[in-house]
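Chemist: sequence-free structure coming up:
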């Protein structure tokens, strides 16, 4: 075989390897989205702070505005203004809403399953098949149960992008709360920002998902979670039982592992289960802000302009005086795509070797299983014994 033939042979070998790796990775991803193994390892731990009186969520500030209106920047500003338990939507569905949804589907009349998944009876949504699973839970959740779940996690403030349908129910159980309305962008500006983010985020999440996929092919967390809990003083249990600190701002190695392995069941399927409600037309965009303007007393409403208002303005609205309140200038613009991974880059880098190892381990295990299962056929066709590795 000449050099050209050897070159094409090597290219074909690498191409065939990549095709098989991609198929295995896609299968692993589907196992994660379908929660095939979550029942084997996911802790049945919920927030355990003392609940407040009936219909008292304990939330002091709610941030109204669809994604791409500055919710992440506002969340960080609220933390700096003395509200460390400020939740982003992802924090809320992980720590509060998933437990409420599981409790609903655990009832005998609703199916009696321990964990709600994309399968029956919950039939939670996925990006290619949106459902009304979470809307059913929302309609059946009593206000006092919603308030108690929130207060047990100690939520002090939160934004709703990605789970917009929950804004009004949460507002209803948060008497006296202040509301920050992020209505500073025009419809045209918002639509352009949202479409750009949606495209870039989808690409980045898909590529990053290929790295995380091997943890879902087999129930690796059955081994990894107990080891991490032992090495890191039960960090996952503490995170789930106290509701914090919010992982969108401050994470740790074990909590990041938990997040990556539970992200489909505890976040993606809720966004695709009816809680996501981004404006589809200009009129809908402005009507949402107008509804908030009419519902909230003027003294409890701040219509925020990211190009104009400062930390001093926020602190005056909240009635606090902290060193952070004296920082000049407008709020810093945050990272758009993969913001948690990029802001907490040291943890992201530290966890990558574990996922690379799982890629290798899955490849070896699947290869061994394939050779073992097909050996009788290969022996019948070709004779001899299977090749040793």
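Modeler: Yep, it's here. Every value quoted in this text rests on a predicted model; they were computed, and no experiment measured them.
Chemist: residue ranges of the strands in the stretch 201-350 of the chain, please?
Modeler: With strands called from DSSP state E, counting those that start in this stretch, the stretch 201-350 of the chain shows them at 301-303.
Chemist: Against residue 179, how distant is the closest residue in space to residue 125 that isn't next to it in sequence?
Modeler: Leaving aside its sequence neighbours, residue 125 sits nearest to residue 272 (C-beta to C-beta, 6 or more residues apart in numbering; 3.0 Å). Every residue, glycine included, has its C-beta placed from N, CA and C. Distance, residue 272 to residue 179, by C-beta to C-beta, to the nearest Å: 27 Å.
Chemist: same check, this time on residue 223
Modeler: From residue 223 to residue 179 the distance is 45 Å (C-beta to C-beta).
Chemist: and the two? which has more neighbours close in?
Modeler: residue 179 (20 against 11; other C-beta atoms under 10 Å).
Chemist: List the beta-bridge partners for that one.
Modeler: residue 62, residue 301 (DSSP bridges).
Chemist: Return the residues in contact with it.
Modeler: By C-beta atoms under 8 Å, 6 or more residues apart in numbering, the contact set of residue 179 is 61, 62, 63, 64, 171, 292, 296, 300, 301, 302.
Chemist: hmm, try it at 6 Å
Modeler: Each residue near residue 179 by C-beta atoms under 6 Å, 6 or more residues apart in numbering is listed here: 62, 64, 296, 301.
Chemist: Next, count neighbours for the last one.
Modeler: Right, residue 301. 17.
Chemist: And residue 306, what's its pLDDT?
Modeler: Looking at residue 306, its pLDDT reads 95.
Chemist: isn't it right up against residue 184?
Modeler: Yes - the criterion here is C-beta atoms under 6 Å, and residue 306 meets it with residue 184 at 5.4 Å.
Chemist: So the two - more neighbours on which side?
Modeler: residue 184 (18 against 15).
Chemist: roughly how far apart are the closest residue to that one other than its chain neighbours and residue 187?
Modeler: Excluding the flanking residues, the one nearest residue 184 by C-beta to C-beta, 6+ apart is residue 305, at 4.3 Å. Per C-beta to C-beta, residue 305 is found 16 Å from residue 187.
Chemist: Let me see the ranges of the helices in the stretch 101-250 of the chain.
Modeler: Remark: helices assigned in the stretch 101-250 of the chain by DSSP state H, counting those that start in this stretch are 133-140, 143-152, 167-172, 187-212, 221-231, 235-242.
Chemist: which of the residues in the last one are buried?
Modeler: Right, helix 235-242. 235, 236, 238, 239, 240, 241, 242 (16 or more other C-beta atoms under 10 Å).
Chemist: now these as TSV including pLDDT?
Modeler: TSV is the format used below for the buried residues of helix 235-242 (pLDDT from 0 to 100):
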residue	pLDDT
235	96
236	97
238	96
239	96
240	96
241	97
242	96
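Chemist: Could you point out which of those residues is nearest to residue 193?
Modeler: residue 239 (31.5 Å; C-beta to C-beta).
Chemist: doesn't residue 255 make contact with that closest one?
Modeler: Yes - in this structure, residue 239 is within contact of residue 255 by C-beta under 6 Å, at 5.0 Å.
Chemist: Could I get the buried residue list for the top helix by length along the chain?
Modeler: Counting residues, the longest helix in the chain under DSSP state H turns out to be helix 345-382. Neighbour counts over helix 345-382 (16+ other C-beta under 10 Å) mark 347, 348, 351, 355, 358, 359, 362, 363, 366 as buried.
Chemist: so what's residue 99 up against?
Modeler: With contact set as C-beta under 6 Å, 6+ apart, residue 99 has these partners: residue 46.
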